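**Student:** Prediction below, plus the sequence it came from.
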Amino acid sequence: MISEKTVWEDLSGIFADPPKMRNMCEKCKRPVTVCWCSGLPKTRLRPQSRLIILQHPAEEKRCLRTVPMLSLALEQEKCLTYRGKKFPQVKHEGLQEILHDSNTILLYPTTEAVALELLTPVGRNGQKPYNVILLDGTWPQAKAIYHASPVLNSLRACKIVGVPTSQYVIRTQPNEGCLSTLETGAIALSFLENKPCILEEMLRPLHHLCRFQLAYGAVVHHSKDVFFKRKLTKQL
């Protein structure tokens, strides 16, 4: 049985005031010292097309996510996020209509996917703005979402050809052809809107994030492909 003395000793160890918390940025929800908001466009971008993000629930809990960068760089109605493992659901207000819009495309490397560069840019020959569907999560999670959502299989699938090396250097990518959700969305908009400057503007927060993390002890991550190639070379 715990004595009264022990109880009072335990209570005496409790601080009268709660420990001080680090100041957090109201926008990006990161500590002010490593806030990347200074990299955001001075005014939110308003492209004609919009990004529709289908996000796996587990992705929301990750510390180093890039979707908030998209959300804060673009006007609110130009970046919509729906969460779940299967789409659409009753809770996904407005998604059903988007998925059945003839100008909706899916960025996902199916066997029938066409190069994004082959699509007609907005405004040319009367081309209307696109709804660009992005699957946000790890590769296995994105794959699971695609196969669990039959309607996605019927969308016009596109892929980015000649993918540059990901600039998200503090996170390991499955292979050299993988990009973060931010990079994928930024590249897509720059192509579809025929405005290369969009890419540079939207990637600035990512550059800030990586620079801060590297300064605080993070290391540059290479893709798993590079890791296995190096391992194989050493064995030879």
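**Tutor:** That came through fine.
**Student:** which intervals of this structure have sub-threshold pLDDT?
**Tutor:** Applying pLDDT under 70 to the chain flags residues 1-21, 163, 170-177, 218-219, 221-236.
**Student:** And the helices in it, which stretches?
**Tutor:** Along the chain, the segments classed as helices by DSSP state H run 4-12, 67-73, 95-99, 139-148, 150-153, 181-192, 197-215, 224-235.
**Student:** okay if I get the ones you listed as JSON lines plus distance to residue 46 and mean neighbour count?
**Tutor:** For every residue, glycine as well, the C-beta is placed using N, CA and C. Formatted as JSON lines, the helices of the chain follow (distance: least, Cβ to Cβ, whole Å; neighbours: other Cβ atoms under 10 Å):
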{"stretch": "helix 4-12", "distance to residue 46": "57", "mean neighbour count": "9"}
{"stretch": "helix 67-73", "distance to residue 46": "11", "mean neighbour count": "22"}
{"stretch": "helix 95-99", "distance to residue 46": "18", "mean neighbour count": "16"}
{"stretch": "helix 139-148", "distance to residue 46": "27", "mean neighbour count": "15"}
{"stretch": "helix 150-153", "distance to residue 46": "27", "mean neighbour count": "14"}
{"stretch": "helix 181-192", "distance to residue 46": "11", "mean neighbour count": "24"}
{"stretch": "helix 197-215", "distance to residue 46": "11", "mean neighbour count": "18"}
{"stretch": "helix 224-235", "distance to residue 46": "37", "mean neighbour count": "11"}
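**Student:** Looking at these, which is nearest to residue 79?
**Tutor:** With respect to residue 79, and counting by Cβ to Cβ, the nearest of the helices of the chain is helix 67-73 at 5.1 Å.
**Student:** Run the chain-centre distance for that closest one.
**Tutor:** 8 Å (Cα atoms, centre = their mean, to the nearest Å).
**Student:** swap in stretch 187-195?
**Tutor:** With Cα atoms, centre = their mean, you get 17 Å for stretch 187-195.
**Student:** circling back to that earlier point, dump the helices of the chain to TSV, plus distance to residue 165.
**Tutor:** Converted to TSV, the helices of the chain look like this (distance: least, Cβ to Cβ, whole Å):
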stretch	distance to residue 165
helix 4-12	54
helix 67-73	19
helix 95-99	31
helix 139-148	17
helix 150-153	27
helix 181-192	10
helix 197-215	13
helix 224-235	10
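**Student:** With respect to residue 115, which of those lies nearest?
**Tutor:** The nearest among the helices of the chain, by Cβ to Cβ, is helix 181-192 at 9.6 Å.
**Student:** Could I get the CA-only coordinates of the closest one as CSV?
**Tutor:** Provided in CSV are the C-alpha atoms of helix 181-192 (Å, rounded to 0.1, in the frame of the first residue of the first chain):
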residue,chain,number,x,y,z
THR,A,181,3.0,14.9,-54.0
LEU,A,182,4.1,18.5,-54.0
GLU,A,183,6.6,18.0,-56.9
THR,A,184,4.0,15.9,-58.9
GLY,A,185,1.3,18.6,-58.5
ALA,A,186,3.7,21.4,-59.3
ILE,A,187,5.0,19.8,-62.5
ALA,A,188,1.5,18.9,-63.6
LEU,A,189,0.3,22.5,-63.2
SER,A,190,3.3,23.9,-65.0
PHE,A,191,2.7,21.7,-68.0
LEU,A,192,-1.1,22.0,-68.1
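**Student:** What angle do helix 197-215 and it make with each other?
**Tutor:** 160 degrees (axes from the mean of the first three to the mean of the last three Cα atoms, to 10 degrees).
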